[in-house]
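Undergrad: Pasting the sequence and the predicted coordinates here, then a few questions.
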Amino acid sequence: MRILLVGGAGYIGTHVALAFSKRGDTVGIYDNFSTGLKQNILRDSEVYEGDILDNEYLHEVISKGWDALIHLAALKAAGESMVNPEMFSLNNISGSVNLMTGCSLYDVKAFVLSSSAAVYGEPEYLPIDEDHPTRPENYYGYTKLSIEGHLDWYHRLKGICYASLRYFNAAGYDPHGLMTGLEKEPANLIPVVMEAAAGMREKVLVFGDDYNTPDGTGVRDYIHVTDLADAHVRAVDYLLAEQQSITVNLGSGHGLSVMEIINETRRVSGKEIPAEFTGRRPGDPAKLVASSKRAKQLLGWCAQHSDLESIIKTTWQIYRKTT
């Protein structure tokens with residue numbers, strides 16, 4: 001098959017490209033390289049340097065004949081989305097509509113969206129399933145929910161089948177060390193902890209130690225990026241075989257606390273990793289855990305690499321090279 005990964009040079013995108021390449025598919029990478037890394041692109045990929053807001057070039061690339069398009073090109077900094085919603089509207093919403101329109105024009109019938117658990121907002125119950133109310137608490141989450149809504153209309157009006165994959169917290173690196181490029185200016189917990197372990201930052205700030213959790217720190221559902229990549233492959237196969245659209249959560253089904261992450265990284269790396277406790281951040285829930293039963297039912301998917309040790313070991317094997 002021919003698979004076009006838009007935003008395919010990013011952290012998740014390069015792992016998705018690896019999964020498709022391993023089974024012999026032709027992979028195209030469309031990326032503006034604002035955050036993507038050329039060093040992680042596989043040699044046999046077709047590479048197109050462009051922006052999703054450049055309609056003319058984007059549609060030229062989409063016209064080259066693809067069995068499926070995977071959209072991973074969104075801006076994702078939740079805090080920044082609350083300060084600069086205009087930029088997120090333009091890139092995430094308008095750019096996504098450009099992709100859908102290109103698929104409609106050039107008969108690409110399978111569209112996989114990198115969505116987010118941010119569409120749910122404050123949890124009303126745990127684990128969160130796909131029937132949970134969607135009330136995003138930041139503009140980033142709203143843009144993802146808006147893209148899902150646009151996709152539903154394009155499915156009904158233009159026959160594009162889509163899979164909306166609602167990630168929880170992506171983590172880890174390829175177990176074989178094939179992806180070596182580090183994320184630029186990471187904001188997520190695990191790369192921040194890794195940077196502290198590698199001496200790239202002074203300390204880790206822990207936001208809140210008085211939550212109703214076993215150790216008082218926030219608990220999140222972390223899903224290994226290799227498991228995410230496998231879900232994308234399965235989603236494409238499902239769309240092409242079943243001709244039906246789906247929305248599924250992708251999570252491990254269990255939570256890890258901030259201090260569990262820090263302590264395991266201390267153990268694996270042998271580094272001290274200074275941690276400083278500070279106040280809670282507004283809007284941070286105590287615990288977020290996914291139900292991925294629907295992904296198992298529809299895609300035959302479940303997390304295989306998302307235990308704490310695997311996540312930390314595969315990440316540290318990359319970061320330790322910077323020490």
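TA: Everything's here; your move.
Undergrad: C-alpha only now, for contacts and for neighbours.
TA: Fine.
Undergrad: so which strand or helix has residue 28?
TA: Assigned by DSSP states H and E, residue 28 belongs to strand 26-31.
Undergrad: what are the pairing partners of that strand, and which direction each?
TA: Its sheet considered, strand 26-31 pairs with strand 2-6 (parallel), strand 46-49 (parallel) by DSSP bridges.
Undergrad: Just the residues contacting the shortest one, thanks.
TA: Residues external to strand 46-49 that are found in contact with it (Cα atoms under 8 Å, 6 or more residues apart in numbering): 26, 27, 28, 29, 30, 31, 32, 33, 61.
Undergrad: if you set the cut-off to 7 Å instead, what comes out?
TA: Outside strand 46-49, the residues within contact range by Cα atoms under 7 Å, 6 or more residues apart in numbering are 27, 28, 29, 30, 31, 32.
Undergrad: Farthest-apart pair in these, please.
TA: Greatest spacing in the contacts of strand 46-49, by Cα to Cα: 27 and 32 (16.5 Å).
Undergrad: what are the ranges of the helices in this structure?
TA: Under the criterion DSSP state H, the chain contains helices at 11-22, 55-62, 78-83, 85-88, 95-105, 139-158, 189-197, 225-242, 258-269, 293-299, 308-319.
Undergrad: mean confidence score for the first one?
TA: When pLDDT is averaged along helix 11-22, the result is 96.
Undergrad: about what we covered before: of the strands paired with strand 26-31, flag the one that's most buried.
TA: Most buried of the strands paired with strand 26-31 by mean neighbour count (mean count of other Cα atoms under 10 Å) is strand 2-6; its value is a mean of 23.
Undergrad: on that earlier part again, any idea of the angle the strand holding residue 28 forms with helix 55-62?
TA: Angle of strand 26-31 versus helix 55-62, following axes from the mean of the first three to the mean of the last three Cα atoms, to 10 degrees, is 170 degrees.
Undergrad: what distance separates strand 26-31 from the middle of the whole chain?
TA: Strand 26-31 has its C-alpha centroid displaced from the chain centroid by 17 Å (Cα atoms, centre = their mean, to the nearest Å).
Undergrad: okay, that strand in PDB with CA atoms only?
TA: Listed next in PDB are the C-alpha coordinates belonging to strand 26-31 (Å, rounded to 0.1, in the frame of the first residue of the first chain):
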ATOM      1  CA  THR A  26       5.400   2.600   0.600                       C
ATOM      2  CA  VAL A  27       5.600   5.600   3.000                       C
ATOM      3  CA  GLY A  28       5.400   9.200   2.000                       C
ATOM      4  CA  ILE A  29       6.400  11.900   4.500                       C
ATOM      5  CA  TYR A  30       4.800  15.400   4.200                       C
ATOM      6  CA  ASP A  31       6.200  17.800   6.800                       C
END
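Undergrad: Can you list the neighbours in contact with that strand?
TA: By Cα under 7 Å, 6+ apart, the list of residues contacting strand 26-31 reads 1-9, 17, 21, 45-51.
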